[in-house]
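In: starting from these lines, generate the structure:
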Amino acid sequence: MSADADVSVRRWLVASAAAVLLAVAVGGITRLTESGLSITEWRPVSGIFPPRGAAEWDQAYRDYLAIPEARTVHRGITLDQFRNLYWWEWVHRLLARGVGLILALPYFVLLARRKIRPEHRRRLLLLPVLAAAQGGLGWYMVQSGLTQRVDVSPYRLTAHLGLALAIYGVAVWTALDLRSAGRSSEDRTPAGLRSGLRAGVALITLTILSGGFVAGLDAGRIFNTFPLMAGRVVPPGYWMSGGWWRNAFENPVAAQFHHRVLALLTAAALLGLAAAALRSGSPVPLRRAARLLAAAIVVQVGLGIATLLAAVPVTLGVLHQVAGVGVLTAALIAAHTARKADLGQ
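Out: Numbers count the residues shown, from 1 in each chain. Here you go, the predicted structure:
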């Protein structure tokens, strides 16, 4: 495979990752502004056009007033206020369609031109497939808030976030494969450090997903103190009747507590791995990746605490979410760099 072909594929993958990250950010804004249920129907093609004229706006407004959220969370909402909600959700859906095209069309063009390496073809096929699945999952999520609930299901919200992370991970990891293709190194990375960095990627992903439950349950707007919650390590209201499973994923108090604990443990573990990479005589690229990872973790922990203390304002909440993906990116770079150094590639 020619170097020019690899460059073309890598550019597409970088653009895909950037598009997914932008969609995650706008999705966060949509969630934090409680705009996600403002469009009560799914029209994949005609839905790209917003309401035109007073009659269509009035119909969209009346459709929204019929769902539980409009009668509770946004009780008394005016047409002008509804428009503000509508535009965020419309932008999010329009952007999602654009991301789907970015993930799908270049894949088939590059495949037809034989620019995608044979070993990457099946993996990268996941991008258009998962993009289509993400569209369906997004509507499935919205449906959960249109009849009986006043918001979307936190399970479906977290699944929607998780699928976005999977798409992002495939794009970033393959782009890293192509960036390092043909490079050589005589250095070796300790097996324990390699395994630890891979485990770190999993821990970060788990921590981000636990944040999805915090968002889905609006759990970030309670116990806005740090490091204790209501002056206690384990907060009051931690246990909810109905079994440990429901308590872990449906109790806002437990969701925030678990996210705090998991985030701090993950940060400590990854900072330890970064320190080990700097001490072990690792190759220069890995040491650079370790510094990037450590910096990303420090920024994210600071943002997380600031977001909590401020009771999740939109700007900080979105920055915290985007920085979480930044930490995941840094961990992927570190894990990939360790792997390449070990393989002598």
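In: contacts, neighbours, all on C-alpha from now
Out: Will do.
In: what is the neighbour count of the residue lying closest to Leu130 once chain neighbours are set aside?
Out: Distances taken as Cα to Cα, 6 or more residues apart in numbering place Ile167 nearest to Leu130, at 6.8 Å, with adjacent residues excluded. Using other Cα atoms under 10 Å, Ile167 has 22 neighbouring residues.
In: distance of Ile167 from Gln300?
Out: As defined by Cα to Cα, to the nearest Å, Ile167 lies at a distance of 22 Å from Gln300.
In: re earlier: correct me, but the residue nearest to Leu130 touches Val129?
Out: No - in terms of Cα atoms under 8 Å, Ile167 does not count as a neighbour of Val129; the distance is 9.7 Å.
In: show me the shaky parts of the stretch 151-300 of the chain.
Out: Counting by pLDDT under 70, the low-confidence segments of the stretch 151-300 of the chain come to 181-188, 280.
In: helix or strand: which one has the residue of the chain positioned farthest from its centre?
Out: Taking Cα atoms, centre = their mean as the measure, the residue most remote from the mean C-alpha position of the chain is Ala55, 36.6 Å away. With elements delineated by DSSP states H and E, Ala55 resides in helix 54-65, which encompasses its position.
In: helices or strands up against that helix?
Out: Applying 3 or more Cα pairs under 8 Å, 6 or more residues apart in numbering; DSSP states H and E, one finds that helix 54-65 makes contact with helix 79-112.
In: mind listing what's buried in the helix it packs on?
Out: Along helix 79-112, these residues count as buried under the neighbour rule (16 or more other Cα atoms under 10 Å): 82-83, 85-97, 99-104, 106-107, 110-111.
In: any idea which helix or strand comes after it?
Out: Along the chain past helix 79-112, the next helix or strand (assigned with DSSP H and E) turns out to be helix 118-143.
In: buried ones in that following helix, by neighbour count?
Out: Judged by neighbour count using 16+ other Cα under 10 Å, the buried positions of helix 118-143 are 124, 126-128, 130-132, 134-135, 137-143.
In: give me the buried positions along the following helix or strand past it.
Out: Per DSSP H and E, the first helix or strand lying C-terminal to helix 118-143 is helix 154-180. Taking 16+ other Cα under 10 Å as the basis for neighbour counts, the residues of helix 154-180 that come out buried are 154-165, 167-178.
In: buried residues of whatever helix or strand comes next after helix 154-180, list them for me.
Out: Helices and strands here follow DSSP H and E; after helix 154-180, the next one along the chain is helix 191-216. Along helix 191-216, the positions that meet the burial threshold by neighbour count (16+ other Cα under 10 Å) are 193-194, 196-216.
In: list the helices and strands helix 191-216 packs on?
Out: Using 3+ Cα pairs under 8 Å, 6+ apart as the contact criterion, the secondary-structure elements in contact with helix 191-216 are helix 154-180, helix 252-279, helix 314-343.
In: so which of those helices comes closest to Asp4?
Out: Closest of the helices and strands packed on helix 191-216 to Asp4 is helix 154-180, at 10.9 Å (criterion: Cα to Cα).
In: and the closest one, what does it pack onto?
Out: Packed next to helix 154-180, using 3+ Cα pairs under 8 Å, 6+ apart, are helix 3-32, helix 118-143, helix 191-216, helix 244-250, helix 314-343.
In: got the helices and strands packed on helix 191-216 as TSV, with distance to Asp4 columns?
Out: Formatted as TSV, those follow (distance: least, Cα to Cα, whole Å):
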stretch	distance to Asp4
helix 154-180	11
helix 252-279	33
helix 314-343	21
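In: from Gly200, how far out is Arg288?
Out: Separation of Arg288 from Gly200 (Cα to Cα) stands at 17 Å.
In: and the chain, what are its domain boundaries?
Out: Taking automatic domain parsing as the criterion, the chain consists of the domains 1-171, 183-345.
In: re earlier: need the helices and strands packed on helix 154-180 in a markdown table with distance to Thr40, can you?
Out: Conversion of those to a markdown table gives the following (distance: least, Cα to Cα, whole Å):
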| stretch | distance to Thr40 |
| --- | --- |
| helix 3-32 | 14 |
| helix 118-143 | 8 |
| helix 191-216 | 18 |
| helix 244-250 | 24 |
| helix 314-343 | 23 |
